[in-house]
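In: Let me see the structure of the following:
(chains A, B, C and D)
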There are 4 protein chains.
Amino acid sequence: MSATFGDRIKITLFGQSHAQAIGAVIDGVPAGMHIDTDRLRAFMDRRRAKDELATARHEGDEVVFVSGIVDNVTCGAPLCLMIENKDTRSQDYNNVSVVPRPSHSDFAAFIKYGGHNDIRGGGQFSGRLTAAMCAAGFICLEILRTKGISVVSHVSRIGSIVDDKLNPLQSMEDVNSRLVTSSFPVINEKAKEKMREEVLKYKAQGDSVGGEIECAVYGLPVGLGGDFFGGLEALIAQAVFSVPAVKGLEFGAGFEFSKMCGSLANDSFTLDSTGKVITITNNCGGILGGISSGMPLTFSAAFKPTPSIAKEQNSVDLSDNKETPLVIKGRHDPCIVPRAAVVIESAVAMAIVNADGFEV
Amino acid sequence: MSATFGDRIKITLFGQSHAQAIGAVIDGVPAGMHIDTDRLRAFMDRRRAKDELATARHEGDEVVFVSGIVDNVTCGAPLCLMIENKDTRSQDYNNVSVVPRPSHSDFAAFIKYGGHNDIRGGGQFSGRLTAAMCAAGFICLEILRTKGISVVSHVSRIGSIVDDKLNPLQSMEDVNSRLVTSSFPVINEKAKEKMREEVLKYKAQGDSVGGEIECAVYGLPVGLGGDFFGGLEALIAQAVFSVPAVKGLEFGAGFEFSKMCGSLANDSFTLDSTGKVITITNNCGGILGGISSGMPLTFSAAFKPTPSIAKEQNSVDLSDNKETPLVIKGRHDPCIVPRAAVVIESAVAMAIVNADGFEV
Amino acid sequence: MSATFGDRIKITLFGQSHAQAIGAVIDGVPAGMHIDTDRLRAFMDRRRAKDELATARHEGDEVVFVSGIVDNVTCGAPLCLMIENKDTRSQDYNNVSVVPRPSHSDFAAFIKYGGHNDIRGGGQFSGRLTAAMCAAGFICLEILRTKGISVVSHVSRIGSIVDDKLNPLQSMEDVNSRLVTSSFPVINEKAKEKMREEVLKYKAQGDSVGGEIECAVYGLPVGLGGDFFGGLEALIAQAVFSVPAVKGLEFGAGFEFSKMCGSLANDSFTLDSTGKVITITNNCGGILGGISSGMPLTFSAAFKPTPSIAKEQNSVDLSDNKETPLVIKGRHDPCIVPRAAVVIESAVAMAIVNADGFEV
Amino acid sequence: MSATFGDRIKITLFGQSHAQAIGAVIDGVPAGMHIDTDRLRAFMDRRRAKDELATARHEGDEVVFVSGIVDNVTCGAPLCLMIENKDTRSQDYNNVSVVPRPSHSDFAAFIKYGGHNDIRGGGQFSGRLTAAMCAAGFICLEILRTKGISVVSHVSRIGSIVDDKLNPLQSMEDVNSRLVTSSFPVINEKAKEKMREEVLKYKAQGDSVGGEIECAVYGLPVGLGGDFFGGLEALIAQAVFSVPAVKGLEFGAGFEFSKMCGSLANDSFTLDSTGKVITITNNCGGILGGISSGMPLTFSAAFKPTPSIAKEQNSVDLSDNKETPLVIKGRHDPCIVPRAAVVIESAVAMAIVNADGFEV
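Out: Below is the predicted model of the structure:
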């Protein structure tokens, strides 16, 4: 329960920001599955830093399959995939090795690992690792796709700017297909422009800003997940909170539930025109008792602002236990939320392929 | 990853609301630990329904240790603890067996288990199971206590009424000790009165209401938890979302982070009067990079309103696939939030004793 | 990986020899399975001590289902089953608490658990726990039975007396059905008589004797198990070596392989009369590369003699670290091998239902 | 429970014989451990094919650390190590893809993976994977070494030739240090000569031969391992039976126990000259009740002969389901047993670092 996730399709992550590579081993992928490298490249590209909203560290993020495939078809052996770290500038981290960056893992990792932690780029705690998560997530998303299950997400908030909400009663067909291919997916294009301005405003100040991703899974059969610790919320939460910078998660109406009464919160049952049992509302976000209800599964995740900012901050020099000001070098995202959409899609896919009742 | 939680101190739950009993097996508890049955009884009592705010089903919730102890001292064998179900009225569930209750597990479980699910009292999906979670949680809390780690929670919201917030910079000594022993813990006694009125108002309408629990863990050393799927947020989230009715979870500033800029969100380091490294603010809720920072660990969980309400609702008869009105019998809580405080304390304790770096 | 076995149908054991009860939680059993209590009783009866070859401790071994069933049909919730310990005489163990019995767990457990181990009847290390293993194994065997998979075993050796060998090319239909229902299963009835005499001879001397169980699984499809740590041998070995007193295990030709050349050891392929691929010999014991080959799966397990003997032995008083003679009281089996046949059947069934490719 | 082993120091293997690389991810290695690459190279060299007794496939087996270290010191992140496959000749396997080699995984893998299995060199079922197991095992052995725990093995049998037995009462100091560095470790040098002749005799006949490895672990504290599925035998067995070609395993007196009486089999306790509790004999092989006793832990593993032989064999063409003769090309070991010694040492080390009570 650390570098490895799942009981059925086990995903093991490895790598640090400035190690030779990052990657994942995926055990349990069915044999005979074709890996569409064009789709993979397009998917990885959605996470890649490429414009002024993101870090100046530019990686190709090419995924190499070290094992598990023959002629691009899975052979039943564990998949090992790797992404090289190329554009590293480890010298940027010389001054932070004993002066922890506020709200980064530095201090906690320094104490935990007795000073042996890999500080360069944040080591294994870096957002860089989400590239490996995405590559593994892509495999899981492809498995879902063969079952008619789709995952969609959008940037629902950056700072003070909000996007429209996904309609929890819609089907995949009703969702704008732009979202699935966009590097900055939003429902309302005007909101995107304002979000872009919001990020650039903070960037100009040497600052950063947080945000939210809303995500929906369409096409789930009734019956995935289960009781106790195998509930869908529990599984998805473990995966989503593994994404660096996520600090909040809610399913369906989420925190709004705390203000609601049961008669308004409850999702009554009815029949659709085909005689299928559906609910009139979907406050539960498609999960009843930890089990998929057949309605769209919806959730939102909150991201804290990138802790690496250009402004001077207060810290402590751990070598002599004295307070000291800190100016962070290195290249950082003023806002990681647009790039995180595809990471959240990956996380939820990893959870669903490991849910009880999911047949690979 | 279903009925069993954890890698180190493995907790396996069992039971249904109207089975002979509910319980837990706890594997990995150190030998030589004295079980203080008075403390256990007091702890279980905080969850027990006992007044007009709760269900009319009254259970003694006496915990019997079937194995793992000799003369009330743990012997190194797995602990099996059981709580009998005594005050069951299974006949109340005759009409719901094929007419699923809205926002309950009934429908999803019926489909998942091919109609063989135990509908009585909600089966294994019942809030009744939280009694077993509390008994297991008590053991974990006692293990934490021997390390000087304390867990405190309070009802931070019911419907429109909010309590004061826990100060994330305080130490355990500064927290009102009433919280730790109360069946309805709140910081501000006036808020409690209003909450009570809020619940009774909805109860009078045959309705229910949701709420929030805020929780803090004091005395954690720096260094518990870790990278990837072993992060503290991921572990705690899996445990907390296993609690029925929880639909939201946030750590530290949580969803507020999405509106913040980095320079205000970041927790700068400083030294306290003893020379210990602390942070000036604690927006991160005591977790950096998935690792405990030494500051109080804080989080909030949102609960949906009890879905069992007296008001007539719409449902579908699964035996003939026709829409039908439903009036729910049975005895139910108009608001489970006060009783859930101790369940949340249990969940977080289960997570922490399983965190990397925690030495039993 | 201690009290819990398996990834798919997780079995968690609990209990000590003189605890209130022993039992198991079984998570992942499909809903809708009827528990045939007559068959269960007959199965448990094969393990029960009942004649002069076994201990004088007589337990009814009635299995109570605490959870997981409604009207004797599984409901999808974890099964918790319990067997009470009734005929305990804890006072017999007063003199062994600080004087460890040779070749028992006493000494190692005393050190491991700091003297808090439950010495009565051997605590959780007692052969008594195999009753819980059998009850859990029965559930797994019933799951196998619905797939047409049968498990058969016999006492292949006690001391110097050997039974005939199972023919590794036979099908279940060819195997004498006596084996499946016998409390002392042997192929050759004359061997059984000699084995009985062998045991009584050692019993008369206040001594005990070891033996072997040979086991076969019929009706396995091709393709269960897998590579690395998920190989059938690895899975079965973990389960079988969990049975107290097992000290050796071999699959197919086993240790004989070490003396063989490849051309004689290899199992050539051919077609049977129906065109099905079979092997001409079955030295591999039905497992190729950790995967079932479709041939009968065969293995043998070696049991050490019961370490509790009436003869005086040398030990050490741990309270004052002085050598001391020891005479063991308590009631013990002069030979546990006949009673172990059904335990081995249980262990292999637990492994197979957890093998990759086994569909529940 | 497939590509991943262990609960504490989790080892995940990947790779196929002719994939780009094989390797392992090791999660849980303590930070600050120096990786001695010279020792690693010497260890890997003991497994490498290099003379006439082994395959003509010659690999350098250089271990590359993709992640987890900084300047050859572990940093707390998962170690990913890789070994490239360089000397592959995949064309040798063209004729076996639909004609399974007897006693290989081919047939079972073909059915299991629907013909998508990687047949080249045996895919993930190849003995080649033991190089990755050794690299991971080296890390575990180094962890053991820091605790004063040593693992030694020797070739105890090849065909009809046997070596002397390890004395189960000796300490590490008494064991000939040649064993620890030898590529063909035997106690009795004369036996080695005869074994060498035995292998060459079978090789000349286009045949192969099986054998046994005996292994001992010295310096274990009392108290590692535990009850139920966490017993040392169960853990070691899962690891050892994961090694391709292992078909038998016995601890201490092993199968001899089945012929023994308790009074001769039991290991009486006594005190050594320093007052430490030891046993007079060590038939139990250093394990009591699944827990280390403080005596040397001893076991033997039986290997089947390499199934790849030059002699023509019978098989079936799976493309048209007809019987066909098969002549195997490719390069193979006439006897893998000498090279397997270090693999067995690796397997047992992987098990021990994951035993309950082992403190990393």
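In: so where do the strands sit in the stretch 1-150 of chain A?
Out: For the stretch 1-150 of chain A, the strands defined by DSSP state E, counting those that start in this stretch cover A:4-5, A:10-15, A:21-27, A:63-67, A:69-70, A:73-74, A:79-84, A:150-158.
In: What pairs with the first one, parallel or antiparallel?
Out: If you go by DSSP bridges, strand A:4-5 pairs up with strand A:10-15 (antiparallel).
In: What lies in contact with the partner strand?
Out: For strand A:10-15, the surrounding residues in contact (CB atoms under 8 Å, 6 or more residues apart in numbering or on different chains) are A:3-5, A:21-28, A:83, A:85, A:124, A:128-129, A:132-133, A:136, A:140, A:350, B:228-229, D:2-4, D:10, D:12, D:25, D:27, D:66-68, D:77-80. Where you see a C-beta, it was placed from the backbone N, CA and C, and this is true even at glycine.
In: I'd like the strands of the stretch 1-150 of chain A laid out as a markdown table, including mean neighbour count and mean pLDDT.
Out: A markdown table is the format used below for the strands of the stretch 1-150 of chain A (neighbours: other CB atoms under 10 Å in any protein chain shown; pLDDT from 0 to 100):
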| stretch | mean neighbour count | mean pLDDT |
| --- | --- | --- |
| strand A:4-5 | 25 | 96 |
| strand A:10-15 | 28 | 98 |
| strand A:21-27 | 29 | 98 |
| strand A:63-67 | 22 | 97 |
| strand A:69-70 | 22 | 96 |
| strand A:73-74 | 18 | 98 |
| strand A:79-84 | 26 | 97 |
| strand A:150-158 | 25 | 97 |
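In: Quick one: those strands as a markdown table, columns for distance to residue C:155 too.
Out: A markdown table is the format used below for these (distance: least, CB to CB, whole Å):
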| stretch | distance to residue C:155 |
| --- | --- |
| strand A:4-5 | 41 |
| strand A:10-15 | 39 |
| strand A:21-27 | 39 |
| strand A:63-67 | 45 |
| strand A:69-70 | 47 |
| strand A:73-74 | 45 |
| strand A:79-84 | 46 |
| strand A:150-158 | 56 |
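In: Can you check which of these gets nearest to residue D:242?
Out: strand A:21-27 (13.8 Å; CB to CB).
In: Counting by contacts, list what that closest one packs against.
Out: Judged by 3 or more CB pairs under 8 Å, 6 or more residues apart in numbering or on different chains; DSSP states H and E, the packing partners of strand A:21-27 are strand A:10-15, strand A:79-84, helix A:130-146, strand D:10-15, strand D:63-67.
In: So for the most far-flung residue of chain A relative to its centre, what's the pLDDT?
Out: When distances are taken from the C-alpha mean of chain A, residue A:320 lies farthest, 37.5 Å away, according to CA atoms, centre = their mean. Looking at residue A:320, its pLDDT stands at 93.
In: State the distance from it to residue B:271.
Out: Distance from residue A:320 to residue B:271, counting by CB to CB, to the nearest Å: 11 Å.
In: Over to residue A:47?
Out: Where residue B:271 is concerned, residue A:47 sits at a distance of 39 Å (CB to CB).
In: So those two - more neighbours on which side?
Out: Shown here are residue A:47 and residue B:271; by other CB atoms under 10 Å in any protein chain shown, residue A:47 has more neighbours (27 against 13).
In: My guess is that one contacts residue A:131. True?
Out: Yes: counting by CB atoms under 8 Å, residue A:47 does reach residue A:131; the two are 6.3 Å apart.
In: anything in contact with each of these two?
Out: residue A:61.
In: Go ahead and confirm residue A:83 touches residue A:62.
Out: Yes: with contacts defined as CB under 8 Å, residue A:83 counts as touching residue A:62 at a distance of 6.8 Å.
In: Not counting sequence-adjacent ones, nearest residue to residue A:68?
Out: residue A:79 (3.4 Å; CB to CB, 6 or more residues apart in numbering or on different chains).
In: hang on, I meant residue A:20
Out: residue D:66 (5.0 Å).
In: Whatever helix or strand residue A:323 lives in vs chain B: in contact?
Out: Here residue A:323 sits within strand A:322-326, counting by DSSP states H and E. Yes: legend: contact between strand A:322-326 and chain B by CB under 8 Å from any CB of the partner chain is shown at A:322, A:323.
In: Name the next helix or strand downstream of that strand, please.
Out: Following strand A:322-326 in sequence, per DSSP H and E, is helix A:337-352.
In: That next one and chain D, any residue contact?
Out: No: using CB under 8 Å from any CB, helix A:337-352 never reaches chain D; the gap is at least 15.4 Å.
In: For that helix, output the C-alpha coordinates as CSV.
Out: Presented in CSV, the C-alpha positions along helix A:337-352 are these (Å, rounded to 0.1, in the frame of the first residue of the first chain):
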residue,chain,number,x,y,z
VAL,A,337,-4.7,22.4,-12.6
PRO,A,338,-5.1,22.3,-16.5
ARG,A,339,-2.3,19.7,-16.7
ALA,A,340,-3.9,17.7,-13.8
ALA,A,341,-7.2,16.9,-15.7
VAL,A,342,-5.7,14.0,-17.4
VAL,A,343,-4.0,12.8,-14.2
ILE,A,344,-7.4,12.7,-12.4
GLU,A,345,-8.8,10.7,-15.3
SER,A,346,-5.9,8.3,-14.9
ALA,A,347,-6.4,8.0,-11.2
VAL,A,348,-10.1,7.2,-11.4
ALA,A,349,-9.5,4.7,-14.2
MET,A,350,-6.9,2.9,-12.0
ALA,A,351,-9.5,2.6,-9.3
ILE,A,352,-12.3,1.4,-11.4
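In: which other helices and strands contact that helix?
Out: If contacts are counted by 3+ CB pairs under 8 Å, 6+ apart, helix A:337-352 sits against helix A:37-47, helix A:130-146, strand A:150-158, strand A:211-218, helix A:232-240, strand A:297-303.
In: average model confidence for that helix?
Out: So the average pLDDT for helix A:337-352 ends up being 98.
In: now swap in stretch A:113-131 and tell me
Out: 94.
In: Could you check how far that stretch is from the centre of its chain?
Out: Mean-position distance between stretch A:113-131 and its chain equals 18 Å (CA atoms, centre = their mean, to the nearest Å).
In: buried sites along it?
Out: By 16 or more other CB atoms under 10 Å in any protein chain shown, the buried positions in stretch A:113-131 come out as A:113, A:115-131.
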